[in-house]
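Asks: predicted model and sequence below, questions to follow.
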Amino acid sequence: MKYSTSFRIWHWLNAIVILGLIGTVLLRKTFLSWRTNSELIMLELSKIDISITSEQAKVIAKAIRSGMWEWHYILGYALVALVFFRIYLYFKDNSKKESFSSLDMHKKAVRISYYIVYATILFMALSGFTMYFYESLGLAKETAHSIKEIHELVYNILLYFVPLHIIGVFVAENRDEKGIVSTMINGKS
């Protein structure tokens, strides 16, 4: 397989953006969780005889993570641009790839999994934009919340795909597809 420069650039930019998006979500759900941090803020302030309400602590905790969450939005815009670029590449890319019918069963499953991931990325980009612009789109807050729940559920596909992809590449590199990593970096097999 030989990958075009455009496809390789898309692949590595996409990897950086998706890892960044996953990273912001993991930070939001762990170290920068407003629930955990608001309790911590209240506890630590009480140790120095300062009392605040749980709502005030929540506001502070959310303010602490807001800069990081801005990166989620910026990376979301980048993901949308990369989705459009990938659609363009689907029609215009000159990468050499094997026909689906010539693939063994394992490689067919891998190719299908990529299409599922592409659909997932498209959904994540569209649902993320819909949530971000729900008021401009005339959607109710409840509708945006429902979309958010689905967005967070579908996110799990990427959460599982990324490590499986890395493991799969490592295994392929050390078995039957020697040079697959260098091919994705420099285009030469």
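Replies: Nice, I can see it.

Asks: where do the strands sit along this protein?
Replies: Along the chain, counting by DSSP state E, no stretch forms strands.

Asks: as a quick check, tell me the outermost residue of it.
Replies: Asp49 (42.1 Å; Cα atoms, centre = their mean).

Asks: list phi and psi for it.
Replies: Main-chain dihedrals, Asp49, degrees, to the nearest 10: phi 60, psi 40.

Asks: what distance do you get for it to Leu13?
Replies: Here Asp49 is placed at a distance of 51 Å from Leu13 (Cβ to Cβ, to the nearest Å). Placement of C-beta: from N, CA and C, glycine included.

Asks: same question for Val181.
Replies: Going from Val181 to Leu13 by Cβ to Cβ gives 17 Å.

Asks: do the same with Met68
Replies: 21 Å.

Asks: and Phe129, what does it touch?
Replies: By Cβ atoms under 8 Å, 6 or more residues apart in numbering, the contact list for Phe129 reads 76, 80.

Asks: next one: phi and psi at Tyr134?
Replies: According to degrees, to the nearest 10, Tyr134 has phi -60, psi -40.

Asks: please read the previous query as pertaining to Asp176.
Replies: Main-chain torsions, Asp176, degrees, to the nearest 10: phi -100, psi 0.

Asks: for Ser136, same thing?
Replies: For Ser136, the backbone dihedrals (degrees, to the nearest 10) come out as phi -60, psi -30.

Asks: looks like Val162 contacts Leu21 (just checking).
Replies: No: between Val162 and Leu21 there is no contact under Cβ atoms under 8 Å: 10.3 Å.

Asks: with neighbour numbers in mind, choose between the two.
Replies: Neighbours were counted for Val162 and for Leu21 using other Cβ atoms under 10 Å; Leu21 has more, 22 against 15.
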